[in-house]
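> pasting a predicted model and its sequence here:
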Amino acid sequence: MKFSFRPVEGAFYDLFTQAANNLVKGTALLNELALPGVDVQSVSERLTDVEHDSDQITHDLYKKINSTFITPFDREDIYSLGSQLDDVMDHLEAVGNLLYLYGLTELPSLPREMHELADVLDQQAKITADAMPKLRTMKDLDEYWIEINRLENEGDRAYRMLLVRLFSGEYDALTVLKMKEVADELEAACDAFEHVANTVETIAVKES
Amino acid sequence: MKFSFRPVEGAFYDLFTQAANNLVKGTALLNELALPGVDVQSVSERLTDVEHDSDQITHDLYKKINSTFITPFDREDIYSLGSQLDDVMDHLEAVGNLLYLYGLTELPSLPREMHELADVLDQQAKITADAMPKLRTMKDLDEYWIEINRLENEGDRAYRMLLVRLFSGEYDALTVLKMKEVADELEAACDAFEHVANTVETIAVKES
Amino acid sequence: MKFSFRPVEGAFYDLFTQAANNLVKGTALLNELALPGVDVQSVSERLTDVEHDSDQITHDLYKKINSTFITPFDREDIYSLGSQLDDVMDHLEAVGNLLYLYGLTELPSLPREMHELADVLDQQAKITADAMPKLRTMKDLDEYWIEINRLENEGDRAYRMLLVRLFSGEYDALTVLKMKEVADELEAACDAFEHVANTVETIAVKES
């Protein structure tokens, strides 16, 4: 028999959902960077604020794990899922921060493939936010995994084509190195969304 | 008491063995790239085919985990081992794909240390394929771990010497950046074989 | 009821403490590299010796896991903690080795931010060494996690500012690439200390 104290369980699902909703804010800010005449410093600062919110949510989650006797699923899995949602945000914040620090937004335009990657992240964030409340019933999560994986493959392709462009001779070596750092954080964010999905899958496998 | 339904268990060992045999095909293709006058596009495409086969095997493995009541060892470990075997293939495929995409095979020759790394991968693939059927009895796996670790150290040394060569001034900056990407994927494949071996070790520790 | 055979348990805590003390030796050697007129080859070789000592400790730990019937906490967690302490050392050794191999110490001076990173690592090593004996009682570990995370954030900032300097045009492209490799290993060592702390936290969550 499995005990279930709904009010306490509910707090966990709420925190996961909050964390994922925060990622949607993060990817929306990244996509603002593509707009002409955008104030890059302001976007980068707002990303840092959103990242601090994520840290707070993760902290609340860990406190909740430590103060709850019966958790809706394994403590370690709750812990993993929380830290992986936090990882995504760290990469999103890094993208904004590096674009600003390296002065890359002063270029006439960023490579098209960077915008494609930011768009993939936006889609991943939205379907992750939609999936979190479904942890409660563990139902209808298959589509989420399939779609996250499809998007991660799409991100991989965009990343590869971005590198081909960066190495084409269109930019000088130092600009290439700077853009490569940003590209790597974008790709790491795509992967990090997949890690979240894999942990959700692991949890579902155990519960089924 | 431990239940054991041999026919079902057998399916897991078969899938691990298939996945590892597929890696042997992958490293053989990488080593073809060293041959003079090789058709790089064709090798890269065959690598992509082999990578798709790996995805199918991994998919079958996950379906088997979900549809099997009693698994030969922890579900999570089966899951980890499957995904780590799949990771190796992803890196192998990336090597072939990047060499082709960046036009690196048009150089008079690739650095000797790259061929050394490809050779290490070939050895790792073969002993991994030999080890997988031994999961059934958990016997004689010590040699496999020791050898994988020795090869990983050998790969590390080759990788380090490859970077020394790349940074020596022999190549222009953009060519260095392209080769560095390929070098990183080769090294990640070496590491990924070690992760497979570490998971096998973890399983053996639990079962012993 | 929880069995507890103190003499055997003690061996595990001793090995973790030895491994962490070895890391203190490693970061002290890294900081020697900042001294004027230092013999870089000699420091690099002593780092390699310290790294071999770590390998031996890790090996002893694994043997102890396999030969002990009742372990003070989950076998897999002991295994993870041991391998993560070993990972830190691998990155420390790589820093010294790459500085030597790439001839970077022949430059008039290394960027200030590299020394800042080495200093962060030194602090992380010391508090990790102080924390290991506390695994015995699981008491007073909160400060350790908080401080490791604070230091990791400090290291992240120093790393980011280091990249800004490397990409500023002060150095030629190949020197930038070499220093970037060293910077990445320094940052990976900072992260690896955080992974150690995360595993300690996971263990504490389970035991509490």
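Okay, I see it. Numbering: from 1, shown residues only, chains lettered A, B, ... in the order given.
> stretch A:154-172 and chain C, are they touching?
No - shown here: stretch A:154-172 not in contact with chain C (C-beta under 8 Å from any C-beta of the partner chain), separated by at least 8.7 Å. From N, CA and C alone the C-beta is placed, and that goes for glycine too.
> and that stretch, what's buried?
Buried residues in stretch A:154-172, counted by 16 or more other C-beta atoms under 10 Å in any protein chain shown: A:154-156, A:158-163, A:165-167, A:171.
> can you put these in JSON lines and add pLDDT?
Written out in JSON lines, the entries for these read as follows (pLDDT from 0 to 100):
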{"residue": "A:154", "pLDDT": "96"}
{"residue": "A:155", "pLDDT": "96"}
{"residue": "A:156", "pLDDT": "92"}
{"residue": "A:158", "pLDDT": "96"}
{"residue": "A:159", "pLDDT": "95"}
{"residue": "A:160", "pLDDT": "93"}
{"residue": "A:161", "pLDDT": "95"}
{"residue": "A:162", "pLDDT": "96"}
{"residue": "A:163", "pLDDT": "95"}
{"residue": "A:165", "pLDDT": "95"}
{"residue": "A:166", "pLDDT": "96"}
{"residue": "A:167", "pLDDT": "95"}
{"residue": "A:171", "pLDDT": "93"}
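> for chain C, state which of those residues is nearest.
Proximity of these to chain C was ranked by C-beta to the nearest C-beta; the top entry is residue A:171 with 12.1 Å.
> separation between the closest one and residue C:45?
Residue A:171 sits 40 Å away from residue C:45, taking C-beta to C-beta, to the nearest Å as the criterion.
> looking at the buried residues of stretch A:154-172, which are in helices?
Secondary-structure check on the buried residues of stretch A:154-172 using DSSP state H: residues within helices are A:154, A:155, A:156, A:158, A:159, A:160, A:161, A:162, A:163, A:165, A:166.
> looking at it, the fifth one is touching residue A:183, isn't it?
So the one you mean is residue A:159. Yes - under the criterion of C-beta atoms under 8 Å, residue A:159 lies in contact with residue A:183, with a separation of 6.3 Å.
> so which helix or strand takes in the residue positioned nearest the centre of chain A?
Nearest residue to the geometric centre of chain A (C-alpha atoms, centre = their mean): residue A:88, 3.3 Å. In this structure, residue A:88 is located in helix A:75-101 according to DSSP states H and E.
> from residue A:195, how far off is the closest residue to residue A:166 other than its chain neighbours?
Spatially, and ignoring its direct neighbours in sequence, residue A:166 is nearest to residue A:176 (5.0 Å; C-beta to C-beta, 6 or more residues apart in numbering or on different chains). Relative to residue A:195, residue A:176 is positioned 28 Å away (criterion: C-beta to C-beta).
> what do you get for residue A:13?
In this structure, residue A:13 and residue A:195 are 19 Å apart, going by C-beta to C-beta.
> do residue A:26 as well
For residue A:26, the distance to residue A:195 - C-beta to C-beta - is 16 Å.
> which residues of chain A lie near chain C?
If contacts are counted using C-beta under 8 Å from any C-beta, the residues of chain A sitting beside chain C are A:65-66, A:75-76, A:79, A:83, A:97-98, A:101-102, A:173-174, A:177-178, A:181.
> ok, now with 7 Å
Contact residues, chain A versus chain C (C-beta under 7 Å from any C-beta of the partner chain): A:65, A:66, A:75, A:76, A:79, A:101, A:102, A:173, A:174, A:177, A:178, A:181.
> which of the residues you listed has the weakest pLDDT?
Within these, pLDDT reaches its minimum at residue A:66, with 79.
> thinking again about what came up before, so which of residue A:26 and residue A:195 has more stuff around it?
The neighbour comparison of residue A:26 against residue A:195 (other C-beta atoms under 10 Å in any protein chain shown) goes to residue A:26, with 28 against 18.
> I'd guessed the more buried one sits against residue A:49; true?
No - with contact defined as C-beta atoms under 7 Å, residue A:26 does not count as touching residue A:49 (10.2 Å).
> tell me where chain A has helices.
Using DSSP H, helices in chain A cover A:6-32, A:40-67, A:75-101, A:112-131, A:142-166, A:173-207.
> which strands and helices sit next to the first one?
Using 3 or more C-beta pairs under 7 Å, 6 or more residues apart in numbering or on different chains; DSSP states H and E as the contact criterion, the secondary-structure elements in contact with helix A:6-32 are helix A:40-67, helix A:75-101, helix A:112-131.
> check chain A for the residue nearest chain B and tell me.
Checking chain A residue by residue against chain B with C-beta to the nearest C-beta singles out residue A:173 as nearest, at 4.1 Å.
> that residue: how many residues sit nearby?
Applying the criterion other C-beta under 10 Å, we find 18 residues in the vicinity of residue A:173.
> how about it, what does it touch?
The neighbours of residue A:173, taking C-beta atoms under 7 Å, 6 or more residues apart in numbering or on different chains as the test, are B:173, B:174, C:173.
> at 8 Å what do you get?
Going by C-beta atoms under 8 Å, 6 or more residues apart in numbering or on different chains, residue A:173 touches B:173, B:174, B:177, C:173, C:176.
> circling back to that earlier point, for the residue nearest to the centre of chain A, which non-adjacent residue is spatially closest?
residue A:192 is the one closest to residue A:88 (C-beta to C-beta, 6+ apart), at 4.2 Å.
> contacting residues for the one you found?
A:84, A:87, A:88, A:91.
> mind checking how far residue A:181 is from residue B:91?
Taken as C-beta to C-beta, the span from residue A:181 to residue B:91 is 21 Å.
> poorly predicted segments of chain A, please.
Counting by pLDDT under 70, chain A has low-confidence residues at A:1-8.
> tell me how far residue A:79 lies from residue A:86.
11 Å.
> what of residue A:49?
Counting by C-beta to C-beta, the gap from residue A:49 to residue A:86 is 15 Å.
> got it, and residue A:167?
In this structure, residue A:167 and residue A:86 are 32 Å apart, going by C-beta to C-beta.
> try residue A:100
Per C-beta to C-beta, residue A:100 is found 21 Å from residue A:86.
> over to residue A:113?
Relative to residue A:86, and taking C-beta to C-beta, residue A:113 is found at 27 Å.
> residue A:73 now?
Relative to residue A:86, residue A:73 is positioned 18 Å away (criterion: C-beta to C-beta).
> compare these two (neighbour count), which wins?
Looking at residue A:73 and residue A:86 with other C-beta under 10 Å, you find the greater number of neighbours at residue A:86, namely 20 against 17.
> apart from its chain neighbours, what residue comes closest to the more buried one?
Ranked by C-beta to C-beta, 6+ apart and with sequence neighbours excluded, the top spatial neighbour of residue A:86 is residue A:58, at 4.5 Å.
> contacts only, for that neighbour.
Residue A:58 makes contact with A:19, A:82, A:83, A:85, A:86 under the criterion C-beta under 8 Å, 6+ apart.
> quick check: the farthest pair among the residues you listed?
Between any two of these, the greatest separation by C-beta to C-beta is 10.2 Å, found for A:19 and A:83.
> looking at those two, which is more packed in?
residue A:19 (27 against 17).
> so the more buried one touches residue A:84, yeah?
No - distance between residue A:19 and residue A:84: 9.6 Å, which falls outside the contact criterion (C-beta under 8 Å).
> count of residues packed around the closest residue to residue A:46 other than its chain neighbours?
Once its chain neighbours are removed from consideration, residue A:46 has its nearest residue in residue A:29; the separation is 5.7 Å (C-beta to C-beta, 6+ apart). Using other C-beta under 10 Å, residue A:29 is surrounded by 23 other residues.
> noted, bye for now.
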